[in-house]
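Asker: got a structure for you, letters missing:
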């Protein structure tokens, strides 16, 4: 099978936003922009107000687009999280967060991320989010269908 056919990873994302009040999400600690939890008064170090949690959940792909089975635990390198205010994503976009596909401590696949950990996001605008899976070979999936959220 050609590398091109295997290149497009089928990413079967169940991109859902669970609007819970708790912080954190999966293995997203490496994408946190701050050092620790915000103070109890809702402020964050350096000023401003902490954003409420907006947790994005997904399922890792289990095959390539040509149907070839994939073991995501051993074949995926990372997930890339893209956020903008238009809902249109393309290959020139820069991810706002990059998450390891597998948590090194638990050896479990990463399956969620707290979007409030993206420092550039603010309260008010309507945002769109999309994900890409990236194989160890560097091959990237298509963008997942976008989902919307706001703080």
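Answerer: Good, I have the coordinates. It should be emphasised that the depicted structure is a prediction, and the values quoted were computed from it without experimental measurement. Residues are numbered from 1 along each chain as shown.
Asker: for the protein, which spans come out with low pLDDT?
Answerer: 1-48 (pLDDT under 70).
Asker: Please, where are all the helices along the chain?
Answerer: Ranges of helices in the chain, per DSSP state H, are 3-7, 72-75.
Asker: And the shortest one, what's buried?
Answerer: Same thing as helix 72-75. 72, 75 (16 or more other Cβ atoms under 10 Å). Glycine gets a C-beta too; all of them are placed from N, C-alpha and C.
Asker: Show me what that helix is in contact with.
Answerer: Defining contact as Cβ atoms under 8 Å, 6 or more residues apart in numbering, one finds that helix 72-75 is touched by 60-62, 101-102, 107, 109, 133, 135-136.
Asker: What subset of these is buried?
Answerer: Buried, going by 16+ other Cβ under 10 Å: 60-61, 101-102, 109, 133, 135, out of the contacts of helix 72-75.
Asker: JSON lines please, covering these and showing distance to residue 73.
Answerer: Shown next, in JSON lines, are these (distance: Cβ to Cβ, whole Å):
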{"residue": "60", "distance to residue 73": "8"}
{"residue": "61", "distance to residue 73": "12"}
{"residue": "101", "distance to residue 73": "8"}
{"residue": "102", "distance to residue 73": "6"}
{"residue": "109", "distance to residue 73": "6"}
{"residue": "133", "distance to residue 73": "12"}
{"residue": "135", "distance to residue 73": "12"}
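Asker: Kindly reformat the contacts of helix 72-75 as TSV and extend each row with distance to residue 75.
Answerer: As requested, the contacts of helix 72-75 are exported to TSV (distance: Cβ to Cβ, whole Å):
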residue	distance to residue 75
60	10
61	9
62	10
101	9
102	10
107	14
109	11
133	10
135	6
136	6
